[in-house]
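Trainee: Below are the sequence and a predicted model; questions follow.
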Amino acid sequence: NAGVMQNPRHLVRRRGQEARLRCSPMKGHSHVYWYRQLPEEGLKFMVYLQKENIIDESGMPKERFSAEFPKEGPSILRIQQVVRGDSAAYFCASSALRGGPYEQYFGPGTRLTVT
Amino acid sequence: AQTVTQSQPEMSVQEAETVTLSCTYDTSESNYYLFWYKQPPSRQMILVIRQEAYKQQNATENRFSVNFQKAAKSFSLKISDSQLGDTAMYFCASQETSGSRLTFGEGTQLTVNP
């Protein structure tokens, strides 16, 4: 029973390029969350999606960042025209239902390095 | 808006001893959930324990237990019989029932010494 899958695990991009991060939730989970962890900091919420819907994007930067969770396939977090400040670990989590106490299960993260 | 504060950036403990990590939070809701997550050097986020705010009884999972003081908005984690594998960053998190996001504290780096 596979857990939350994220790929790639490591991604290096030059300033100005695009980064695409993928997340496949646990089987049976239809709720996906993206969090960002800057060096030496805790995780910060970015966006919450259900299939084909963005439920809460209040933590997402207004520019250059977008997320989707299509009917088929993984959730995608897309960062356009990356800058050095985007370097961070990006974690995806999934849950079976909305709200607590349904735990969010985390993937291993994608470490993005912008050079 | 929720806030979670962990005031101990680093802690250390000798193997087999007990250690307590502190966490305070703030929320305007009456129903919410609290969690402790562990992040070892692999950086994988692992759920350690959870507490429903409406339950008065403190949650316990093997060597891990919490001291939940609702009036004081305090949620500390006690690790008994510490093991070397407990070395990790520990994050306290809250979740309101009206939303789904987790709000994390800044973390406490715990080192278990042999």
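Mentor: That came in fine, so what should we check first?

Trainee: just the residues of chain A that are near chain B, which are they?
Mentor: Contact residues (Cβ under 8 Å from any Cβ of the partner chain) of chain A with chain B: A:31, A:33, A:35, A:41-45, A:48, A:55-56, A:59, A:89, A:91, A:93, A:95, A:98-101, A:103-106, A:108-109, A:111. In this view, the C-beta of every residue, glycine as well, is placed from N, C-alpha and C.

Trainee: In contact with A:Gly109, which residues are there?
Mentor: In this structure, A:Gly109 makes contact with A:Gln6, A:Arg9, A:Gln37, A:Ala89, A:Tyr90, A:Phe91, A:Cys92, B:Arg43, B:Gln44, B:Met45, judged by Cβ atoms under 8 Å, 6 or more residues apart in numbering or on different chains.

Trainee: mind showing which ranges of the chain have poor pLDDT?
Mentor: Unless you meant another one, I'm taking chain A. Scanning chain A with the threshold set as pLDDT under 70 gives A:1, A:98-102.

Trainee: You answered for a different chain; I wanted chain B.
Mentor: Applying pLDDT under 70 to chain B picks out residues B:98-99.

Trainee: where exactly do the strands run in it?
Mentor: Here chain B has its strands, by DSSP state E, at B:3-5, B:10-14, B:19-21, B:24-26, B:32-39, B:46-52, B:60-61, B:64-69, B:74-79, B:88-96, B:103-104, B:108-113.

Trainee: From the residues of chain A next to chain B, list just the buried residues.
Mentor: Taking 16 or more other Cβ atoms under 10 Å in any protein chain shown as the criterion, what is buried in the residues of chain A next to chain B is A:31, A:33, A:35, A:42-45, A:48, A:55, A:59, A:89, A:91, A:93, A:95, A:99-101, A:103-106, A:108-109, A:111.

Trainee: partners of the nearest residue to B:Ala53 once chain neighbours are set aside in the sheet?
Mentor: Excluding its sequence neighbours, the residue lying closest to B:Ala53 (Cβ to Cβ, 6 or more residues apart in numbering or on different chains) is B:Tyr32, at 4.8 Å. With beta bridges defined as DSSP bridges, B:Tyr32 has these partners: B:Glu96.

Trainee: Quick one: residues contacting B:Tyr32.
Mentor: Shown in contact with B:Tyr32 (Cβ under 8 Å, 6+ apart): A:Gly100, B:Gln2, B:Ala53, B:Ser94, B:Gln95, B:Glu96, B:Thr97.

Trainee: near chain A, which residues of chain B?
Mentor: Contact residues, chain B versus chain A (Cβ under 8 Å from any Cβ): B:32-33, B:35, B:37, B:42-47, B:50, B:52, B:91, B:95-107.

Trainee: give me that answer again for 6 Å
Mentor: Residues of chain B found near chain A (Cβ under 6 Å from any Cβ of the partner chain) are B:33, B:43-45, B:47, B:52, B:91, B:95, B:97, B:100-101, B:104-107.

Trainee: Show me the residue at the heart of chain B, geometrically.
Mentor: In chain B, the centroid-proximal residue (Cα atoms, centre = their mean) is B:Trp36; its distance is 3.3 Å.

Trainee: my read: that one touches B:Ile49, true?
Mentor: Yes: with contact defined as Cβ atoms under 6 Å, B:Trp36 and B:Ile49 form a contacting pair (5.1 Å).

Trainee: circling back to that earlier point, find the nearest non-adjacent residue to the residue nearest to the centre of chain B, please.
Mentor: In this structure, B:Trp36 finds its nearest non-sequential neighbour in B:Val48, 4.3 Å apart by Cβ to Cβ, 6+ apart.
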